[in-house]
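J.: for reference, the sequence and a predicted model appear below.
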Amino acid sequence: PCQLTDTNFLYHLESLLYLLAPLSETMSFVAGSSLRSLARRMPSAMRKYTTHSQLPEEHRMIYEMCRKFADEELAPHAGEWDKKHEFPKEAVTKLAELGMMGISSPADYGGSELDAMSYAIAMEEISRGCASVGVIMSAHNSLFLYPVQTYGTPEQKEQYVTPYATCTDGSGNLKVGSFGLSEPGNGSDAGAASTTAVLDGDEWIINGTKAWITNAHEASASVVFATTDKSLKHKGISAFIVPMDAPGFSLGAKEDKLGICASSTSNLIMENVRIPKDHLLGEPGQGFKIAMQTLDGGRIGVAGQALGIASASIDCAVKYALERQAFGKPIAQLQSIQNKISAMTVARDSARLLTWRAAQMKDNGERFVREAAMAKLAASEAATMCAHQAIQILGGMGYVREMPAERHYRDARITE
C-alpha cells in the first residue's frame, strides 16, 4: 500500500484532484472533498506546481525578477544584437550581478546555490527576452560550471568556479566558460572523441578540434573531452579544464548561423596545447560519465530556452492580433486566430509542465534522465510550432525583420 510520504502517490493524488474538481463543484462528491482534505496535509516540498501563481515565494521572486530583467534589459535590444551578431556584454554583466550566471553554483564559491526549478524558471524568462542571452547563460551554467563544481578538486573550484560564478576576475574582465565535446566528425558522441590527451611528465598535451562551441569567442576556459586510452573506447575518455589562452590554443571563424546570432559559435583548435597535470577533471577515464551527466541536466536548460522562445512567440502573436484590424474588428476576435493562439498556449504550457517535472525530480534527488529528455523534446517542438504560428498570424509582417516573429522562428530551430 502507498504511504502518505510516497512522492509518486501524492503526485497522482493531486492529479486526480484536478480531474475531480469540476465534478465536485456540481455534485456532492464526498470522496473528492475527502481527497482534497488529504492533499492539504501533503508536505509542501512534495507538491507539484502547475502555474506560476502556485510557486513558493522563492520561486515566484526568481520568476518576477527575471521577467522584469527580460522586459527592461533584453527584449528592447535583442533585435539589434541579432542583426549585428553582437555579444551582449553589458547585459551578461548585469545578469551576473543578479546571480544568474552562477545560479546553481555553491554559495561558498560565489554562486547563488539555487535549485533546478529556479534554473528552469529563470531560463524561460531570460530566453523570452533574448534567446541568445539564454544560450549564453545555459552553456555557462549547465555545461561549464556544472562539471567543474561537481567533479573538480577544491583547488579547481577556487580557480574556475569562484570567478566564473560571478563572471568577473575582480579586474572588470568578463569570465565566461565553454564546453568542448562535439567534434567535426562525431557531434556529441563523446565515445568517438578523436581529440587526444597524452601525459608528459607533469603536463597533459592535447591535440584535436572541437566543433559548434557556444561562447567560444568570449570564453576564457573550456571543459574539453579527449581520449587518453583509445583501447578502452568510451571508458578511455577523460575531461580537462583548459585555459583558452594556453599556447597552441586557437579559435576557428565565427559560424554565420541562422539564429542565436548574438552568441558566438566556432571551433576550438588545439595543437600541442600543454596544461598542468592537475587540470584533469575527475579521474582518468571518467570523461564519458561526466559528459553524459552534464548533458542530462543541460536538457532542462535547453527546455527552458525553448519555452522562452515559445512564450515570446505567443506574446508577439497576441499583441499583433489585438492591434491588427480586419473586417472592422481586431483579428483576435476571429475564431481561426483564437484557435491558433489556443494551440500555441497548450503546446507551451504542456512542455512547461514536463520541464518543471524534470527539474523537481532533479531537486528531489530522483533519476530524471528520461523526464529531462521528454521535456527538451516537447519544449523544442513547442518553440518551433509557436514561432511558425506567430508568423502565420502576422501574415506578411511575420516575414520581415521589423517584427520579432521571424527572429523567434530562426532562434527556435536550434533547440530541436
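T.: Yep, it's here.
J.: so who does Thr394 touch?
T.: Actually, residue 394 is Leu. It isn't Thr. Residues in contact with Leu394 (Cβ atoms under 8 Å, 6 or more residues apart in numbering) are 316-317, 320, 403, 405. C-beta coordinates here come from the backbone N, C-alpha and C atoms, glycine included.
J.: return the distance of stretch 194-209 from the chain's centre.
T.: Distance of stretch 194-209 from the chain centroid (Cα atoms, centre = their mean, to the nearest Å) equals 30 Å.
J.: so how far does it reach from one end to the other?
T.: 8 Å (Cα to Cα, to the nearest Å).
J.: what do you get for stretch 83-102?
T.: The straight-line separation of the ends of stretch 83-102 (Cα to Cα) is 28 Å.
J.: for the stretch 201-350 of the chain, which segments are assigned as helices?
T.: Counting by DSSP state H, counting those that start in this stretch, the stretch 201-350 of the chain has helices at residues 287-323, 335-363.
J.: most packed of those helices?
T.: Across the helices of the stretch 201-350 of the chain, the average number of neighbours (mean count of other Cβ atoms under 10 Å) peaks for helix 287-323, which reaches a mean of 24.
J.: looking at the helices of the stretch 201-350 of the chain, which is nearest to Glu97?
T.: Closest to Glu97 of the helices of the stretch 201-350 of the chain, according to Cβ to Cβ: helix 287-323, at 20.3 Å.
J.: between the closest one and helix 335-363, how many degrees?
T.: Per axes from the mean of the first three to the mean of the last three Cα atoms, to 10 degrees, the angle that helix 287-323 makes with helix 335-363 is 150 degrees.
J.: now the helices of the stretch 201-350 of the chain as a markdown table including mean pLDDT?
T.: Converted to a markdown table, these look like this (pLDDT from 0 to 100):
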| stretch | mean pLDDT |
| --- | --- |
| helix 287-323 | 98 |
| helix 335-363 | 98 |
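J.: now render these as CSV, adding distance to Met101.
T.: CSV is the format used below for the helices of the stretch 201-350 of the chain (distance: least, Cβ to Cβ, whole Å):
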stretch, distance to Met101
helix 287-323, 13
helix 335-363, 19
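J.: which of these sits closest to Val161?
T.: Val161 sits nearest to helix 287-323 of all those, at 14.4 Å, using Cβ to Cβ.
J.: gap between that closest one and the chain center?
T.: Centre-to-centre, helix 287-323 and its host chain are 6 Å apart (Cα atoms, centre = their mean).
J.: so where's the stretch 101-250 of the chain shaky on pLDDT?
T.: For the stretch 101-250 of the chain, the stretches with pLDDT under 70 are 188, 190.
J.: so where do the strands sit in it?
T.: Using DSSP state E, counting those that start in this stretch, the strands found in the stretch 101-250 of the chain span residues 177-180, 196-200, 203-214, 221-227, 237-243, 249-251.
J.: which of those strands sits closest to Val302?
T.: Taking Cβ to Cβ, strand 203-214 is the member of those nearest to Val302, at 11.2 Å.
J.: next, the angle strand 221-227 makes with the closest one.
T.: 110 degrees.
J.: what packs against strand 203-214?
T.: strand 177-180, strand 196-200, strand 221-227, strand 237-243, strand 265-276 (3 or more Cβ pairs under 8 Å, 6 or more residues apart in numbering; DSSP states H and E).
J.: just to check, Ala303 is in contact with Ala372?
T.: Yes - shown here, Ala303 and Ala372 form a contact pair, counting by Cβ atoms under 8 Å, at 7.4 Å.
J.: pLDDT value on the closest residue in space to Ile309 that isn't next to it in sequence, please?
T.: Excluding the flanking residues, the one nearest Ile309 by Cβ to Cβ, 6 or more residues apart in numbering is Ala383, at 4.3 Å. According to the predicted model, the pLDDT of Ala383 comes to 99.
J.: what angle separates whichever strand or helix holds Ala383 from helix 287-323?
T.: According to DSSP states H and E, Ala383 maps onto helix 369-394. Relative orientation of helix 369-394 versus helix 287-323 (the same axes, to 10 degrees): 30 degrees.
J.: and the gap between the residue nearest the centre of the chain and Pro56?
T.: Against the mean C-alpha coordinate of the chain, by Cα atoms, centre = their mean, the closest residue is Gly301 at 2.0 Å. Going from Gly301 to Pro56 by Cβ to Cβ, to the nearest Å gives 21 Å.
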